[in-house]
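A.B. asks: Task: produce atomic coordinates for the following.
(one chain, ligands or ions: 3)
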Amino acid sequence: MKLSLLSSGLAIFLQLASAAPTPTSDENVVQERANIAKRATITDIATTGYATQNGGTTGGNGGTVTTVSTLAQFTTAMTLQGSLLFLGLSLVQFRCELGPITLVGIGLYINKSANVIVRNIISQKVLAANGDGIGIQISTNVWVDHCELLSDLDNGKDYYDGLIDITHASEWVTVSNSYLHDHYKASLIGHSDNNGAQDTGHLHVTQHNNYWENIGSRTPSIRFGTGHVFNSYFKNMSTGIDTRDGAEVLVQSNVFTDVDEPIAALYSDDTGYAVAIDNDLGGESNTAPAGNLTASSMPYSYSLLGSGSVVAAVVGTAGATLSF
Ligand SMILES: *[C@@H]1O[C@H](CO)[C@@H](O)[C@H](O)[C@H]1NC(C)=O
Ligand SMILES: *[C@@H]1O[C@H](CO)[C@@H](O)[C@H](O)[C@H]1NC(C)=O
Ligand SMILES: *[C@@H]1O[C@H](CO)[C@@H](O)[C@H](O)[C@H]1NC(C)=O
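C.D. replies: Ligands and ions are numbered 1, 2, ... in the order given. Predicted coordinates for the structure are as follows:
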């Protein structure tokens, strides 16, 4: 089964009454950013990062496509369990292209799935009890692109959980062109020091051309896996990239402004590693040990903007800015 979720010019707002804090002025920001339209097509496939590996991430491109353009069709296509929205528990391929859809207080889970594309989704204020903004578990070949994820910093760090968490040996994932902001614990890759048996050798994740703003930590926190972070702007954060439990990360062509610890190995007994090339660390330093990655370690080709060009390129384009 292949499914495309598409809404052109139609604002879909999905909200759980029981899990919906009062909207804040964030809404204005969301509206402004959503107006910066970038053309996209529903036949786009992942062309960057680890999602291109293992046969690639096409989201069912080439097969029969079901277009969903109303809230009723959307909820029918998904499985809503409590406050979790499941994409394709039993689907082999799933394609989701929305323009844009706003999920308030509802965690969107990709679980035991393969070949999934999620684009142009705005996720707001998912309470910890409802999971993460986007949760990717036991899944392979996932591309999250041009999404916006946010909560607020008014309720302490455990009121919400992650914005995009990638766990349980998920593999071949790219998160690109997304705006992640006003949140404490942004992105966990590998959820526990005790999950090495499942995660070691997996969790290959690329994060690029993303804009992270007003964040507490975890951009990302990575355990056991292999990460590639490039062309991204990190602004006003406590800690940034945290590499743990033998994880190796290649960090290239990024800008960190007002980030206390931009790249470090924190909070786990077993360290991770990070190789940093051409990053503006805003006067701070990379305190993680280097490990073995080099500028030619990645199995795919990619374009580096150069740290001097990142801010201008990323601010304003990252986020749910696609129009189909
Ligand atoms: C994902 O599936 C696994 C295996 O069935 C299950 O243990 C886990 O709880 C699921 N994740 C969520 C968020 O429900
Ligand atoms: C910077 O982030 C902190 C949270 O770490 C937040 O309290 C503060 O408001 C942010 N600053 C600005 C200018 O948004
Ligand atoms: C780097 O490679 C050497 C030689 O293969 C190996 O002994 C070491 O464990 C590697 N280090 C890391 C951090 O993977």
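A.B. asks: Only C-alpha atoms from now on, for both contacts and neighbour counts.
C.D. replies: Will do.
A.B. asks: Read off the pLDDT value for the residue nearest to R244 when sequence neighbours are not counted.
C.D. replies: Counting by Cα to Cα, 6 or more residues apart in numbering, G272 is the residue found nearest to R244 once chain neighbours are left out, at 3.9 Å. What the model reports for G272 is a pLDDT of 98.
A.B. asks: same thing with the one 4 residues further on?
C.D. replies: We have a pLDDT of 98 for A276.
A.B. asks: Could you verify my assumption that it touches Q252?
C.D. replies: Yes. The pair A276 / Q252 is scored as a contact, 5.9 Å apart, by Cα atoms under 8 Å.
A.B. asks: quick one: the residue nearest to R244 and G246 touch, right?
C.D. replies: Yes. With contacts counted by Cα under 8 Å, G272 reaches G246, the gap being 4.2 Å.
A.B. asks: what about the residue in the chain positioned nearest to ligand 2, how many residues close to it?
C.D. replies: Residue of the chain nearest ligand 2, by Cα to the nearest ligand atom: N214 (4.2 Å). The number of residues packed near N214 is 20, by other Cα atoms under 10 Å.
A.B. asks: is it true that it touches T239?
C.D. replies: No. The pair N214 and T239 fails to qualify as a contact (Cα under 8 Å) at a distance of 10.8 Å.
A.B. asks: joint contacts of those two?
C.D. replies: Counting by Cα atoms under 8 Å, 6 or more residues apart in numbering, N214 and T239 have no contacts in common.
A.B. asks: which residues do G272 and G246 both contact?
C.D. replies: Common neighbours of G272 and G246, using Cα under 8 Å, 6+ apart, are R223, F224.
A.B. asks: Those two: which has the busier surroundings?
C.D. replies: Neighbours were counted for G272 and for G246 using other Cα under 10 Å; G272 has more, 26 against 20.
A.B. asks: tell me the contacts of that one?
C.D. replies: If you count contacts by Cα under 8 Å, 6+ apart, G272 has them with 223-224, 242-248, 265, 288-289, 291.
A.B. asks: now D132
C.D. replies: With Cα under 8 Å, 6+ apart, D132 has these contacts: G107, L108, V126, Y160, D161, G162, L163, I164, D165.
A.B. asks: what's the neighbour count on M298?
C.D. replies: When neighbours are counted by other Cα under 10 Å, M298 registers 16.
A.B. asks: quick one: pLDDT of it?
C.D. replies: For M298, pLDDT reads 98.
A.B. asks: Would you verify that it is located in a helix?
C.D. replies: No. Using DSSP: H, G, I helix; E, B strand; the rest coil, the assignment for M298 is coil, not a helix.
A.B. asks: State the phi and psi torsions of it.
C.D. replies: Phi and psi for M298, reported as degrees, to the nearest 10, are phi -70, psi 140.
A.B. asks: give me the low-pLDDT residue ranges for the chain?
C.D. replies: Within the chain, the stretches with pLDDT under 70 are 1-39, 42, 60-99, 324.
A.B. asks: Spell out which residues of it are next to ligand 2.
C.D. replies: Within the chain, the positions lying close to ligand 2 (Cα under 6 Å from any ligand atom) are N214, I215, G216, N236, M237, S238.
A.B. asks: are any of those buried, and which?
C.D. replies: Among the residues of the chain next to ligand 2, those buried by neighbour count (16 or more other Cα atoms under 10 Å) are N214, I215, G216, N236, M237, S238.
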